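> fold the following for me, if possible:
(2 chains)
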Amino acid sequence: MMWLTWRQFRAQGIAAAAVLAGLAILLAATGPYVVHLYDINGLATCTGAACQSPSGTFDNELPWFDPVLYLLGIGIMFAIPAVVGVFWGAPLITREIEARTLPLTWNQSVTKTRWLAVKLGLMGLASMATAGLFSLILTWWSSPMDSVLEIPYGHRLSFERLAPVLFDTRSIVPIGYAAFAFALGVTAGMLTRRTVSAMAATLGVFAAVQFAWAEWIRAHLIPPVTTIVPLNLADITQAATRGGFLVVNAVPILSQQGAWVLSGQVIDTAGHPFRAPATPACQTASFSACQASLGQFRLRDLISYEPASRFWEFQWVETGIFLAAALALAGLCVWWLIRRVA
Amino acid sequence: MTDALAASGLGKQYGHRLALADCTLSIPAGHVVGLVGPNGAGKTTLLHLAVGLLAATSGTIEVLGGRPASGPAQLAKVGFVAQDAPVYAGFSVLDHLRFGKHLNPGWDAALARDRIEALGLDLRQRAGKLSGGERAQLALTLALAKRPELLVLDEPIASLDPLARSEFLRSLAEYTAARQVSVIMSSHLVSDLERICDYLIVLVASRVQVAGPVAELLASHGQGLEDLVLDYMSRPADPAPRPATSPPRRHDP
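Predicted structure coming up:
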């Protein structure tokens, strides 16, 4: 069975290894210089506001192709689990159904249950290894730039490793995603029995799960921390008057480096959601005058966030959940094979 | 001696469609059995039940004393060539021999090599590029080299030209003559079966019309095999009740 699994996977496995090797060479050639720039600008040792100026220098000295590679790397890491699910998972069974080879394979001296178990196991491991290796080299290569992007200075947009996009494409979660996408592909193939339908279903469901997970579920895995910070008037984005009362919204900003800010609520000195009669400036004058007039309320922001220190905790928990989901789907496939497909 | 195949009240239904009904058979081992019937009579269903590719909806079936496909030992005892002799199009002939070796503990590598050599097949040739006859021979080689006690062939030669058909039957007859092996082979062409079969089952409209040794059938009917089969096929269906909702099947699954 191991021979058969390898023989059928060979071409795809070699293709994946070639892409991995090519990327590794490219990253090995360009990565050390990024690390060098990071070190000589003192970004490894600076703290707080002192990082602001060296990070600007780092940005300026970075060769043009590094940001391109950086974005490409993020794209690759998003694509890998989906590709694994669509091209390795979905056709695993449908290809045999369409080529009508199952009667041949299932009448060798190997039960169909063992046939599926070995294929699921070995191909699942191959999927995880592929995602793991790509993630390993890209996480290493991107880490100086990831760190610089986390430095908050001025109001420049910062990207946190813990926030969606970077979190999904770094370290070990891609392994969990790949295992899940693969098992999802096999399950879709089992249910639809057609390669094209299975591929489409896998891509659609996986993309939806990944998006929904990052957007609505991840933050609930570990209850967020809340903190109250003075509201910077410049962060106010909206100050509307509704029924004679002010409605104030602001961008939640936290000076804590790498924190994933989830939400903010403008509150008054007593800690209640802010509610006050509209100031004259907000009723008649410009937005900036209105903003300035709000200073008298000594507004604060109740911010809910996940601290950067929880990165690995989140990584392990999420990887574990997706691996468990992959195992459950694999179990469903075996059960379905025994019960239904014959 | 254990029967090659023993079925009792065996039935298979797809939804409301009846593919095989109330099939009771007892085929002693050591025969070359011909399974004849018009297209859609349930031949493939019966054979798939025998090799465990399908599960019965009623009744029981035992093959060589065991439940079909119940485990590696049972699978090793039965060789099967499915309709149109499927092989892996992307695999070379040699890959197929490796496939057989890796998936069958009882694999007879010498037998496989000798057959491939005798057939004049190129080991490096991709199976997808073989002719229909060569593909059928390759599939038969895979089934034979696992050294089965029972060989199940589902219309292995239906799509072959007369020469390839004759070649296939000759090599099959050669093999069975030299060894203790039972064969069940389906076909809608009586002339093919006549050459090698010594036992006959006629299946019409999901039901077994007759089953027995060819010699006995011929003796009691006093006519040629072809006429005998035609006679059975054209008889009115068994009086046993059939669901009114099941039209005669036109295609094998």
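> which parts of the chain are helices?
Using chain A. Using DSSP state H, the helices of chain A run over residues A:2-40, A:52-61, A:65-83, A:91-98, A:102-105, A:112-150, A:173-192, A:195-212, A:280-284, A:287-293, A:311-339.
> you looked at the wrong chain, it should be chain B
Ranges of helices in chain B, per DSSP H, are B:43-51, B:72-77, B:93-103, B:109-119, B:132-145, B:162-178, B:190-196, B:214-221, B:225-234.
> pick the most buried one from those helices.
Among the helices of chain B, ranked by average contacts under mean count of other CB atoms under 10 Å in any protein chain shown, first place goes to helix B:43-51 (a mean of 26). Any C-beta I mention is one placed from the backbone N, CA and C, and that applies to glycine too.
> quick one: residues in contact with it.
Residues outside helix B:43-51 that contact it (CB atoms under 8 Å, 6 or more residues apart in numbering or on different chains): A:103, A:107, A:342, B:5, B:7, B:10, B:12, B:19-20, B:23, B:35-37, B:54-56, B:61, B:63, B:68-69, B:78, B:80, B:83, B:152, B:154-155, B:184, B:186, B:188, B:203, B:252-253.
> where among the helices of chain A is average confidence lowest?
Note on those: helix A:280-284 shows the lowest mean pLDDT, a mean of 80.
> what residues of that helix count as buried?
Neighbour-count burial for helix A:280-284 flags A:281, A:282 (criterion: 16 or more other CB atoms under 10 Å in any protein chain shown).
> so what are the domain limits for chain A?
For chain A, the structural domains run A:2-222+A:311-339, A:225-309, going by automatic domain parsing.
> end to end, how far does the longest one reach?
In other words, domain A:2-222+A:311-339. End-to-end distance of domain A:2-222+A:311-339 (CA to CA, to the nearest Å): 24 Å.
> which residues of chain B score low on pLDDT?
Counting by pLDDT under 70, chain B contains low-confidence residues at B:1, B:236-253.
> tell me the buried residues within the contacts of helix B:43-51.
A:103, A:107, B:5, B:7, B:10, B:12, B:19-20, B:23, B:35-37, B:54, B:56, B:61, B:63, B:68-69, B:78, B:80, B:83, B:152, B:154-155, B:184, B:186, B:188, B:203, B:252.
> out of the helices of chain B, which comes closest to residue A:41?
Of all these, the one in closest proximity to residue A:41, counting by CB to CB, is helix B:93-103 (56.4 Å).
> which other helices and strands contact the closest one?
Under the contact criterion of 3 or more CB pairs under 8 Å, 6 or more residues apart in numbering or on different chains; DSSP states H and E, helix B:93-103 touches helix A:2-40, helix B:109-119, helix B:132-145.
> who's in contact with residue A:34?
A:62, A:66, A:141, A:144, A:145.
> give me the nearest residue to the second one, chain neighbours excluded.
Just to be clear, that refers to residue A:66. Using CB to CB, 6 or more residues apart in numbering or on different chains and skipping residues adjacent in sequence, the residue nearest residue A:66 is residue A:34, 6.0 Å away.
> so which residues on chain B come close to chain A?
B:48, B:51-55, B:69, B:71-73, B:75-76, B:78-80, B:82, B:84, B:86-89, B:91, B:95, B:98-100, B:102-106, B:139, B:142-143, B:146 (CB under 8 Å from any CB of the partner chain).
> centroid residue for chain A?
Taking CA atoms, centre = their mean, the centroid of chain A lies closest to residue A:168, which sits 1.7 Å from it.
> once you drop chain neighbours, what's closest to it?
Residue A:168 sits nearest to residue A:214 (CB to CB, 6+ apart), 6.0 Å away.
> any figure for the gap between the one you found and chain B?
38 Å (CB to the nearest CB, to the nearest Å).
> that residue: how many residues sit nearby?
Number of residues near residue A:214 (other CB atoms under 10 Å in any protein chain shown) recorded here: 16.
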